[in-house]
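*Asks:* here are the coordinates; sequence isn't available:
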């Protein structure tokens, strides 16, 4: 086996000797997991450290890291924990219907920052951590794509 | 003779395609409409021609009465089919279509009007002797004394409502003021009408609806019931017919009530009368939807009828024959809705590009979809990707078939509710037919947990993919296929480590 560390949906996980992957369409990642009691269809998408395995209809995020990548990721996390400016980004595309904060506001982790309407639903965007709002880059009525910067916290 | 020569479909996605197919079979030339976001979409390609109706925003395209009526007139259509959603129950739209000298495929505008307001519909049903959910039959004021009589918990609902919007569950008298304000605000913003009424909460309850088809000569067909109790946010995810909760006496009581509601208005075309069914088998009228339902295919499977074709034929003045009025159901059908929603994050919408799109097929399977591989999902529109339907001789075999269908289904690129649906077909309560509208709230919080076996299976697959140690699936092959970019990357990866 390898020295890779696996995280499934953010939790440590270990591969199983009971299952083996067969790829039927390697380009698209379509295959099956074969075990003693039969096989389960899977779709395996991704590259490098980040993979998504679709199993029984569910897309499951799997991180596969070598020891070197693990050390680099830990260093990055440590750097993130220091209170540098942090961009809050849209996790889904949609229409900005309300912005609840202004530049200069102090917010706690969990404070509602703005509301994005997507597919008829209103979704609150909350502060991932405490901080001061130093920049608001969207306004109500504006459409945003996934990953678009919404505002920055210091 | 086809009922019309050309018909315009004022919709998009899977339902536009469904109507286009009915037109083709009837010998009618189908005309599509599209917004700028839908250029090149499947519904546009399957029609004879397509009219541009505006920018991506639904308000300026699929909800624009002017743009659509213009397109219909310009294209020489004789009739307009509204599909579901968008303008399908819009009185002004139906009137505008008729004013332009075209046939609206749906009930008369006056009927849309009287049933579109839920308060008016409740009164009409009560007057026809149909049981309604106990509650107010007039708009709520800020005087809350009536609510004490109804009892708590209760539901606040928008009179102009639909799709779960403007709806609030209220547990105690103390919560009423806030909930009322919120429901009014939501109703006003969604429907332009903040009128709210109150109903006693019936729980546990099943959501059962009766399919109607009527002609312009007073003939009415009652085409069985559908159980739509698996819901999130008061919106349906799964529908089946017959309902496992309905016995013969209940069924005939439901049909009588449905007939009573339809008889209270001037009705033709297709419609659905929705009821709540309590644990003792009592039913209560909820609303009548005067359009084709998303889940009409379930009824088509068990009755063998083409509801869309009949909708168009009765719009052209044809009489319903005995084979339709006397149609009976055979077997058991289940539909599951494949949505671009994340069931692990409260069914929030997801978006992105569909990479892999593999749909099931084979005996007893029907897939209505408006999606293909390499499609970018449009966040402006409904997140429904496809409806997977199965027909089998009885409910247990329908569930087995559905499980097989879901195992053949693969969607890449974004999270869908397929994981929820796959869990559902193994859920003992669902398999027994013993479930109600609380199923997701009560059982899914446990169901959505990743089991340790699933976690290690996912880890196994990802690790093998990264290291390039997956066995090729084709028999006798012994290596990762040559010439595959993915395989080369995997081998390169394996060497580097």
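*Replies:* Good, I have the coordinates. Keep in mind that what you see is a predicted model, and the values were worked out from it rather than measured.
*Asks:* Residue ranges in chain B under the pLDDT threshold?
*Replies:* In the predicted model of chain B, residues B:163, B:473-497 satisfy pLDDT under 70.
*Asks:* Mind doing that once more with 80?
*Replies:* Applying pLDDT under 80 to chain B flags the ranges B:143-146, B:148, B:161-164, B:473-497.
*Asks:* Show me which strand runs longest in chain A.
*Replies:* When chain A is parsed with DSSP state E, its longest strand is strand A:38-47.
*Asks:* Quick check: buried residues in the helix or strand following that one?
*Replies:* Scanning forward in sequence from strand A:38-47 by DSSP states H and E, the next helix or strand is strand A:50-55. Judged by neighbour count (16 or more other CB atoms under 10 Å in any protein chain shown), strand A:50-55 contains these buried residues: A:51, A:52, A:53, A:54, A:55. Where C-beta positions appear, they are placed from N, C-alpha and C, glycine not excepted.
*Asks:* which residues in chain A form helices?
*Replies:* Assigned by DSSP state H, chain A shows helices spanning A:67-81.
*Asks:* likewise the stretch 1-150 of chain B?
*Replies:* For the stretch 1-150 of chain B, the helices defined by DSSP state H, counting those that start in this stretch occupy B:13-26, B:42-46, B:65-75, B:91-99, B:109-116, B:118-127, B:145-150.
*Asks:* Same check on the stretch 301-450 of chain B?
*Replies:* With DSSP H, counting those that start in this stretch as the criterion, the stretch 301-450 of chain B has helices spanning B:307-315, B:322-325, B:395-408, B:418-424, B:428-432, B:439-447.
*Asks:* chain center to the strand or helix carrying residue B:252: distance?
*Replies:* Applying DSSP H and E as the criterion places residue B:252 in helix B:248-263. Distance of helix B:248-263 from the chain centroid (CA atoms, centre = their mean, to the nearest Å) equals 22 Å.
*Asks:* now stretch B:236-252
*Replies:* With CA atoms, centre = their mean as the basis, stretch B:236-252 stands 17 Å off its chain's centre.
*Asks:* Give the full set of residues in contact with the closest residue to chain A within the stretch 201-350 of chain B.
*Replies:* Taking CB to the nearest CB, chain A has its nearest neighbour within the stretch 201-350 of chain B at residue B:349, 3.9 Å off. Residues in contact with residue B:349 (CB atoms under 8 Å, 6 or more residues apart in numbering or on different chains) are A:92, A:94, A:118, A:119, A:121, B:340, B:341, B:342, B:379, B:383.
*Asks:* What's opposite it in the beta bridge?
*Replies:* Residue B:349 forms beta bridges with residue B:341, as assigned by DSSP bridges.
*Asks:* right, and residue B:198 touches residue B:133 too?
*Replies:* No. Taking CB atoms under 8 Å as the definition, residue B:198 is not a contact partner of residue B:133, at 9.7 Å.
*Asks:* out of the two, which sits in the busier spot?
*Replies:* Regarding residue B:198 and residue B:133, a neighbour count based on other CB atoms under 10 Å in any protein chain shown identifies residue B:198 as having more, with 25 against 22.
*Asks:* helix/strand/coil for the more buried one?
*Replies:* State at residue B:198, reduced to three classes by DSSP: H, G, I helix; E, B strand; the rest coil: strand.
*Asks:* who's it bridged to?
*Replies:* residue B:156.
*Asks:* Look up how far chain A lies from residue B:41.
*Replies:* Residue B:41 sits 17 Å away from chain A, taking CB to the nearest CB, to the nearest Å as the criterion.
*Asks:* shaky segments in chain A?
*Replies:* Along chain A, the parts satisfying pLDDT under 80 run over A:1-2, A:73, A:76-84, A:91-92, A:118-123, A:146.
*Asks:* what about residue 139, how many neighbours?
*Replies:* Reading this off chain A. Neighbours of residue A:139 under the rule other CB under 10 Å: 10.
*Asks:* hm, I was asking about chain B
*Replies:* Residues lying near residue B:139 (other CB under 10 Å) number 13.
*Asks:* Who are the contact partners of the closest residue to it other than its chain neighbours?
*Replies:* Of all residues not flanking residue B:139 in the chain, residue B:195 sits nearest, at 4.6 Å (CB to CB, 6 or more residues apart in numbering or on different chains). Counting by CB under 8 Å, 6+ apart, residue B:195 touches B:119, B:139, B:140, B:158, B:159, B:160, B:187.
*Asks:* if I look at the residue lying closest to residue A:92 once chain neighbours are set aside, how far off is residue B:18?
*Replies:* Distances taken as CB to CB, 6+ apart place residue A:118 nearest to residue A:92, at 5.1 Å, with adjacent residues excluded. Residue A:118 sits 25 Å away from residue B:18, going by CB to CB, to the nearest Å.
*Asks:* and what of residue B:110?
*Replies:* Residue B:110 sits 27 Å away from residue B:18, going by CB to CB.
*Asks:* Please say which of these two ends up with more neighbours.
*Replies:* Using other CB under 10 Å as the criterion, residue B:110 and residue B:18 rank with residue B:18 on top: 25 against 13.
*Asks:* Just list the residues touching that one, thanks.
*Replies:* Counting by CB under 8 Å, 6+ apart, the residues that residue B:18 touches are B:83, B:308, B:368.
*Asks:* relative to helix B:118-127, how tilted is the helix holding residue B:252?
*Replies:* Angle between the axes of helix B:248-263 and helix B:118-127 is 120 degrees (criterion: axes from the mean of the first three to the mean of the last three CA atoms, to 10 degrees).
*Asks:* who's in contact with helix B:248-263?
*Replies:* Helix B:248-263 is contacted by residues B:121, B:124-125, B:128-131, B:208, B:210, B:212, B:214, B:220, B:222, B:225, B:242, B:246, B:271, B:273, B:275, B:277, B:281, B:283, B:285, B:288 when judged by CB under 8 Å, 6+ apart.
*Asks:* Kindly report the same for stretch A:99-117.
*Replies:* Residues from elsewhere that reach stretch A:99-117 (CB under 8 Å, 6+ apart): A:88, A:90, A:92, A:94-98, A:122-136, A:138-140, A:144, A:150-151, A:153.
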